[in-house]
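Colleague: Could you work out the structure for the sequence below:
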Amino acid sequence: MSSAPAYPVTVDAALDPHLSRWLWLVKWILLVPHYICLAFLWVAFCVMTVVAFFSILFTGRYPRAVFDFNVGVMRWGWRVAYYGSGALGTDRYPPFTLADVPDYPARFDVAYPPRLSRGLVLVKWWLLAIPHYVVVGLLVGGGAWVASSERDDAWRWGSGGLVGILVLVAGVVLLVRGSYPEPLFDIVLGLDRWVLRVAAYSALMTDVYPPFRLDLGGTDPGTAGRGAEPAPPAPAGRPLAGGDWGAGRVGLVVAGSLLALLSTGPLLTGAALGAADRFARDGDYLTSGDATFATAGSAVTTDSVLLEGSGADWALSHMLGTVRVRVTPQDPADRVFVGIAPTQDVTRYLTGSSYATVRTIRGDQVTYAEHVGDGTPAAPAAQTFWVASATGAGRRSLAWDVSRGDWTIVVLNADSSPGVDVRADVAATFPALGAAALGLIVLGLVGLAAGVVLLAVGVRGTGRPAGPGAAGPPSARVPTLSG
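Modeller: Residues are numbered from 1 along each chain as shown. Next up, the predicted model:
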């Protein structure tokens, strides 16, 4: 039978002949340090892939140092998966390194492409890879199913990946028989190989479309197609440009990636606030969406709003400024009253009457807490505890300079009669919004610049070839494929 054609992504593994019966039960605990490291490394991987995307788009090349780093992260992840729930194929603890470890039973490599298509980079990672994503979803996290419950007529979702199921079966067999079934191992490795090929393709590392082919067994056909195992790393004392990913460089890249990623929060928030300050104002106010508030009782109130803290008056006057409440009765001829007052005065005023307190507002869906009573409040306009109020027919609007305290907004009919039905909105001037937006944008730009500097220093590194005969990094010592 003819051998399968080589693919630029190589996934090799060797099954340990003597695996512990029980160790696989606790490997997930033993791997916690790796999970922590990988959580940071995958963040850096994503940021570096974005860098590679733009580099390929404009130059047609995947930066070599970035390529080596991303291959190293995938290699690290594959060793952890092979030790743990991805295969359970070895009891040898994975090393903490991005470099290839020739004597470790799980190995991963990608042939470096000297050129990549500028056009494909725009579509291959999402559009072209969709068929493979469907398959990978079934292999590692798909297999979705639904079921209905006769008791509550609700649909429930569940999922289970084929790889996880097969590895669990292998673990149970290992626990009972003390051996890992080799045919099952071959299938698991074939499925893992498929997933890793798709991962490398979607990470822009190759333009060669992943084959819809299950290559079973621990030896990748790509390794055989190249005629040899990847060579071991260069001898000590011969640093490599782009390939010497020590702890210092990795730390710089991870720190730079995190800083650059986190800086997008202030940048996007500042941009959104700046846009709102510039384009979304109704006169001097930023206005909420309006909603309908209705009750058969005598009043609709908000929950109490507590505004307290050291320097609260200064902060409120600069951040919120003036608050405006507008109320429009559904029948323009109706006379309504809207007022703001201390919560304790509102509670005392409405005690014994029927009214509704707003709990949640989702679009035009409003939920209330109903208060039952058979009394009728006194005429609201005659009360003296309001700090701001408005009454009359048609739309009514009040303005209030915010101050600290415990406040409640109340809407009633002007004659206190039951049956309130209005549309209302709340607005504020937010005088410091523009300055806050500018501050967040500056903070984000500073963080982004610092992150880019750390990334540049980490990617550039200090390693240089020792001379004309210096070897390249492990993934360079196989024939490269043109993209």
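
Colleague: okay, now the domains of the chain?
Modeller: When the chain is parsed into structural domains using automatic domain parsing, the resulting residue ranges are 9-242+471-476, 245-283+433-462, 285-428.

Colleague: now those domains as JSON lines including mean neighbour count and mean pLDDT?
Modeller: Where C-beta positions appear, they are placed from N, C-alpha and C, glycine not excepted. Listed next are those as JSON lines, based on neighbours: other C-beta atoms under 10 Å; pLDDT from 0 to 100:
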{"stretch": "domain 9-242+471-476", "mean neighbour count": "17", "mean pLDDT": "85"}
{"stretch": "domain 245-283+433-462", "mean neighbour count": "17", "mean pLDDT": "94"}
{"stretch": "domain 285-428", "mean neighbour count": "17", "mean pLDDT": "93"}
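
Colleague: chain center to the longest helix seen in the chain: distance?
Modeller: Of all segments of type helix in the chain, defined using DSSP state H, the longest is helix 247-279. Distance of helix 247-279 from its chain centroid, counting by C-alpha atoms, centre = their mean, to the nearest Å, is 14 Å.

Colleague: Which elements pack onto it?
Modeller: For helix 247-279, the contact count by 3 or more C-beta pairs under 8 Å, 6 or more residues apart in numbering; DSSP states H and E identifies helix 32-59, helix 433-460 as packing neighbours.

Colleague: quick check: angle from the last one to helix 32-59?
Modeller: I take that to be helix 433-460. Helix 433-460 and helix 32-59 meet at an angle of 90 degrees, taking axes from the mean of the first three to the mean of the last three C-alpha atoms, to 10 degrees as the criterion.

Colleague: who does helix 433-460 touch, helix- and strand-wise?
Modeller: Helices and strands in packing contact with helix 433-460 are listed as helix 32-59, helix 64-83, helix 247-279; criterion 3+ C-beta pairs under 8 Å, 6+ apart.

Colleague: which one of the helices and strands packed on helix 247-279 lies closest to residue 172?
Modeller: Put simply, out of the helices and strands packed on helix 247-279 the one that sits nearest residue 172 is helix 32-59, at 23.3 Å, with distance taken as C-beta to C-beta.

Colleague: could you say what helices and strands the closest one packs with?
Modeller: Here helix 32-59 is seen to pack against helix 64-83, helix 247-279, helix 433-460 when contacts are counted using 3+ C-beta pairs under 8 Å, 6+ apart.

Colleague: that older thread, same list, the helices and strands packed on helix 247-279, but as a markdown table with distance to residue 287 please.
Modeller: Conversion of the helices and strands packed on helix 247-279 to a markdown table gives the following (distance: least, C-beta to C-beta, whole Å):
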| stretch | distance to residue 287 |
| --- | --- |
| helix 32-59 | 37 |
| helix 433-460 | 13 |
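
Colleague: among those, which is nearest residue 204?
Modeller: For the helices and strands packed on helix 247-279, distance to residue 204 was read as C-beta to C-beta. The smallest value, 5.5 Å, belongs to helix 32-59.

Colleague: Excluding chain neighbours, what is closest to residue 47?
Modeller: Ranked by C-beta to C-beta, 6 or more residues apart in numbering and with sequence neighbours excluded, the top spatial neighbour of residue 47 is residue 257, at 3.8 Å.

Colleague: which residues sit in contact with the one you found?
Modeller: Residues touching residue 257, when contacts are defined by C-beta atoms under 8 Å, 6 or more residues apart in numbering, comprise 43-44, 46-48, 451, 455.

Colleague: From those, pick the one nearest residue 405.
Modeller: Closest approach between these and residue 405, by C-beta to C-beta: residue 451, at 42.8 Å.

Colleague: That'll do, ta.
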